[in-house]
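Asker: Give me coordinates for this.
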Amino acid sequence: MKKLVICTLLVMQVVFAWAQQNPALKGKVVDSKSQKPLRNVVATIQSTNQSTLTNALGEFVFTAAPEGNQSVQISSTGYSAQTFAIEIKKGETLDLGVVVLEEDITSEQQMSLVTITENDLGDDNSGSESTSGLLQASRDAYQQAAAFNWGQARFRIRGLDNAYGTTMINGIAMNKIYDGRPQWSNWGGLNDATRNQEFTMGSAPSDYTFGGALGTQEINTRASFYRPGSRVSFSGTNTNYSWRAMGTHASGMNKKGWAFVVSGSRRWAEEGFFEGTDYSANSLFASVEKKINDKHSLNFTSFYAQNSRGKTSPNTKEVNDLKGFKYNSYWGWQDGKKRNSRDKDIQEPMMMLSHYWKINTKNSLNTNVAFQTGSIGNSRLDYQMANNPDPTYYKNLPSYYYNSPSYYVQTGVDGSGNPIFANPMADLARANFQADGQINWSSMYDQNRRTGKSVYALYEDRTDDTQITANSILTSELSDNISLNAAVNFKKLKSHNFQNMLDLLGGNYFVDIDPFYTGNASQSDLNNPNRMIKEGDTYGYNYNLFATVIDGFTQFKFNYKKADFYLAQSFSRSEYQREGLYRNGIYLNNSFGKSDRLTYENFGFKGGLTYKITGNHLLNFNGMYMTKAPTMRNVFSNARINNNTTEDIDSERIFSADASYILRTPKIKARLTGFMSKIQNAADLSFFYAEDLFDADAVGSGNEDSFISELVTGMDKRNIGAELGIEYNVTSTIKATAAASYGQYIYSNNPHLRVNDDAQATATNTNPLTDFGKTYLKGYRQSGMPQQAYTFGLEYRDPNFWWIGANVNYLADNYLDVSNILRTDNFTIDGTTGISFEGASETNVRRVLRQEKFDPFTLLNLTGGKSWRISSKNRNIIGFFASMNNVLDVKYKTGGFEQSRKATYPNYTADYANGTPSFGSKYFYGYGRTFFVNVYINF
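Answerer: Alright, predicted model coming up:
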């Protein structure tokens, strides 16, 4: 028995020694100022997909690592990453010792600057914003340039709308079902609380979702992942708001297994950079985690971001020449204050419960359930049988009189006997517009009070969404070289859309009719005709949209010494339905009640390879093919008043590929990428007034203006280009960065265009479509973004914790959004005779329809900051960050669109005959010189 015990102990000792064999790589990470260990720091062997997190003692361990020369990166949000060149030897442990991370005071830029810009081109109540693609940048020099240097000019990564990326919070996608875009304002002002982020570019693999052609952004709000401590900051700026106050506290995980984070902020301005743009936003955040045991944790996250801001108008060249590029036609004086008629109000709080289950050392499961409800409102003026209150209404501007021969008066003759003409009405219009040119609130109140019936009123296009989301995400190590990611997601949405009366402007009631129609056609709701509307009432339109979306994906990643590769696949099912709550007088039998259910099933495949030339030199390839359901916005052709669906609409087909060379050394990091994406079968829906679209004998039509919905289907887009990012540590204190993007983003076919005109609807024609055939878009550039962008920057970081940086940016190849209807045969061919309009030769038509290319521009930006440790015993720090963008105060266009009202060649050329059209293109402008100053305390 004694011998047996001794032998058993010897065997156990051998087994224990084998189990405790020396790790390949280890180290400990501490804060440079407090010297305290840092938890949840990411250590990554860069030539592989191997990474690990530090524990509560700041320690990390790799039990295995590829032999030979490698680079290991130590990184954590809010700290400057450290990269080490190492050599792994078989059977030996490489101990990096204590790795000291310094606070990245340049991260104040990432936490302070907002790159969101308005996208009100269609004013479609989409509730989404246009950004540079991803709200914040990772450590990649290219992404950082795209977000913080080029974002102010509406740059889009790879020319893609953010609907082609996936933004997540705790693995739950935040992209709206309605239009596919994330609503950034839902967590606006919570910069501190949303700083724990992961990114992928293009179709690269994500552990949480299949993703899209643009990439993914995952925001993690698990309470134990936040660095313990408190932070208070106060900021001043002259962009969309003037002041911001913010406070955040994170407890860290205590001995009883509890951790919590709370954060709040307020942003406000009486007037932003552009005239009349008021701003008010309040944001709250809380996250609480309970660690039940070593295997199970529960985390509850909630956030509420209320935002109200005044919009700014796009303007024609005529208006900008008369009033300047900061002019905004949406506001007017009332009781000594500027009142904006077009406010956007958002409040959509969200609650999220997450369960983290560490099944064993190889498998983990994360399950999340979220509930979101709230409203988005976009206000504007309504009027009946009264003058248009818009100060830039075409009859209020000089161009209207210049383009009308009857307003010219002969005042004499010149020395040669030629008549001299004047246009006193144009001169009067110019004088009046320059003297005022704003909304006349007092006049509207006076007219309403005189009659008691409001002929003017302020309403909002309102969307009240209620959505339930649930998902589960599995992560599994199948072997030493193979891992599995899988997820299943469920979303259910009820979206109530209606017109809400906000202010009767001194009147007693507003009649719920459309005065441009008579009889039943004038009624918004035949079930309740001729209603007298009070403030807070619903009128005009009223309907629900329902959506159910189920999707899932699996992804296998294979990691080997010389190559890593992955394969992923996805499936989704989207179901949409409309329910009309009003019986519209134009669509008696096709507006009230539920529509048919529309179902779209889609799939996706992607794969990629990383080939390791050495530990520092890598080649990376990614490819993807997927189909994507059309958005609800495009599926229902005129959801406000009928159940009709868009003809021939179907799922988009998306193909993307990229190839990269990546260099990673302690001294220099660089990435050079070539990319392409092709989007087929896209759709576009827009609404506007147009003239002379229909034959004179068409029912309900003639030469009058028509308010139409334009349906474009089968649209193809092709994006190809290259991107470069370089970061070079010149010395230990000086860093140089450079980035470049060159793209060619075009429409690659001639899609189909149809027009819906409500005036042509009859009892037997409930879907009054006119087929205009092809719209000749092939070869035109996609609009609203620079297709070339370059930057070079220098940064000096002093050992005494102050820094300064400067970068110069050159942006070019930004194009105007072209009108689809102007590029159909209707523009050149007389619908009555079937022959071309006089003068509409190919040369002349090409000249007038040439796409406008905006001037290139250069922006100089400066940044700097300083921090001080105010206690030697802890990490109490006070600091400031300051930046100035567009130092040279360059005036530049960020976007714009052609107006479609003059839809035939004779009308269009007549409008441009005097050089100042009444319906010229409208433009958006970027900020001039702006500043941002932030003072903060960490304790």
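
Asker: Next, the contact list for T599, please.
Answerer: R573, S574, E575 (Cβ atoms under 8 Å, 6 or more residues apart in numbering). Just so you know, the C-beta spots here come from the backbone N, C-alpha and C atoms, and that holds for glycine as well.

Asker: at 6 Å what do you get?
Answerer: Contacts for T599 were tallied using Cβ atoms under 6 Å, 6 or more residues apart in numbering; they are E575.

Asker: Under a three-state scheme, what state does it occupy?
Answerer: strand (DSSP: H, G, I helix; E, B strand; the rest coil).

Asker: Now S404, what are its backbone angles?
Answerer: Phi and psi for S404, reported as degrees, to the nearest 10, are phi -120, psi 110.

Asker: Flag the shaky bits of the stretch 1-150 of the chain, pLDDT-wise.
Answerer: Low-confidence segments of the stretch 1-150 of the chain, defined by pLDDT under 70, span residues 1-22, 33-34, 47, 49, 104-139.

Asker: these two touch, right, A245 and W268?
Answerer: No. Applying Cβ atoms under 6 Å, one finds A245 not in contact with W268, separated by 9.1 Å.

Asker: For the stretch 151-300 of the chain, which segments are assigned as strands?
Answerer: Using DSSP state E, counting those that start in this stretch, the strands of the stretch 151-300 of the chain run over residues 165-169, 172-173, 197-201, 215-219, 229-237, 243-250, 258-269, 279-291, 296-310.

Asker: distance between the longest one and the chain's centre?
Answerer: Taking Cα atoms, centre = their mean, to the nearest Å, the mean C-alpha location of strand 296-310 is offset from the chain mean by 18 Å.

Asker: same question, the second one
Answerer: Centre-to-centre, strand 172-173 and its host chain are 15 Å apart (Cα atoms, centre = their mean).

Asker: What of stretch 387-397?
Answerer: Put simply, stretch 387-397 sits 32 Å off its chain's centre (Cα atoms, centre = their mean).

Asker: Over to stretch 276-286?
Answerer: Relative to its parent chain, stretch 276-286 has a centroid offset of 18 Å by Cα atoms, centre = their mean.

Asker: can you check stretch 613-625 too?
Answerer: For stretch 613-625, the distance to the chain centre is 28 Å (Cα atoms, centre = their mean).

Asker: Can you list the buried residues in that stretch?
Answerer: G615, N616, L618, N620, N622, G623, M624, Y625 (16 or more other Cβ atoms under 10 Å).

Asker: Low-confidence ranges, the stretch 651-800 of the chain, go.
Answerer: 694-705.

Asker: let's see 50
Answerer: 696-703 (pLDDT under 50).

Asker: Give me the helices and strands touching the helix or strand hosting M351, please.
Answerer: Using DSSP states H and E, M351 falls within strand 350-358. Judged by 3 or more Cβ pairs under 6 Å, 6 or more residues apart in numbering; DSSP states H and E, strand 350-358 is in contact with strand 296-310, strand 363-383.

Asker: How about it, which residues are buried there?
Answerer: M350, M352, L353, S354, Y356, K358.

Asker: pLDDT and distance to T673 added to these, as a markdown table?
Answerer: Output for the buried residues of strand 350-358, formatted as a markdown table (pLDDT from 0 to 100; distance: Cβ to Cβ, whole Å):
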| residue | pLDDT | distance to T673 |
| --- | --- | --- |
| M350 | 98 | 34 |
| M352 | 98 | 34 |
| L353 | 98 | 39 |
| S354 | 98 | 34 |
| Y356 | 98 | 34 |
| K358 | 96 | 36 |
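
Asker: which one of those sits closest to G374?
Answerer: G374 lies nearest to M350 out of these, by Cβ to Cβ, at 8.4 Å.

Asker: if I read this right, that closest one contacts Q372, doesn't it?
Answerer: Yes. Using Cβ under 6 Å, M350 makes contact with Q372 at a distance of 4.2 Å.

Asker: For burial, what's the neighbour tally of the closest residue to R222 other than its chain neighbours?
Answerer: Nearest residue to R222, sequence neighbours excluded (Cβ to Cβ, 6 or more residues apart in numbering): N299, at 5.2 Å. Number of residues near N299 (other Cβ atoms under 10 Å) recorded here: 25.

Asker: Just the pLDDT for N299.
Answerer: For N299, the model assigns a pLDDT of 98.

Asker: and the closest residue to L365 other than its chain neighbours, what are its bridge partners?
Answerer: Once flanking residues are discounted, L365 sits nearest to W357: 4.6 Å by Cβ to Cβ, 6+ apart. For W357, the beta-bridge partners are H296, L365 (DSSP bridges).

Asker: Pretty sure W357 sits against N363.
Answerer: No. The criterion here is Cβ under 6 Å, and W357 misses it with N363 at 8.9 Å.

Asker: Tell me the buried residues in stretch 258-278?
Answerer: Buried positions in stretch 258-278, judged by neighbour count with 16+ other Cβ under 10 Å: 259-267, 269, 271-278.

Asker: Straight-line length of that stretch, end to end?
Answerer: Stretch 258-278 stretches 41 Å from its first residue to its last (Cα to Cα, to the nearest Å).

Asker: Centre of the chain to that stretch, how far?
Answerer: Its chain's C-alpha centre and that of stretch 258-278 lie 18 Å apart, by Cα atoms, centre = their mean.

Asker: now swap in stretch 148-157 and tell me
Answerer: Relative to the centre of its chain, stretch 148-157 is centred 11 Å away, using Cα atoms, centre = their mean.

Asker: The chain should start at 42 in everything you say after this.
Answerer: Understood, numbering begins at 42; the last thing we discussed is stretch 189-198.

Asker: what are the pairing partners of the helix or strand containing S611, and which direction each?
Answerer: S611 is located in strand 604-621, with elements delineated by DSSP H and E. Strand 604-621 sits in its sheet next to strand 579-600 (antiparallel), strand 634-635 (antiparallel), strand 639-653 (antiparallel), going by DSSP bridges.

Asker: any idea of the angle the first one forms with strand 404-424?
Answerer: If you take axes from the mean of the first three to the mean of the last three Cα atoms, to 10 degrees, strand 579-600 sits at 150 degrees to strand 404-424.

Asker: Now do the helices in the protein.
Answerer: Per DSSP state H, the chain has helices spanning 43-60, 148-153, 182-185, 358-364, 439-443, 465-476, 482-492, 673-676, 883-889, 946-952. These are given in chain order.

Asker: which of those helices sits most buried?
Answerer: For these, average neighbour numbers computed from mean count of other Cβ atoms under 10 Å are highest in helix 182-185, which has a mean of 24.

Asker: got a list of contacts for it?
Answerer: Counting by Cβ under 6 Å, 6+ apart, residues outside helix 182-185 touching it are A178, E764, G766, E768, T778, A780.

Asker: Now for the second one, how many residues are close by?
Answerer: It stands for E764. By other Cβ under 10 Å, 25 other residues sit near E764.
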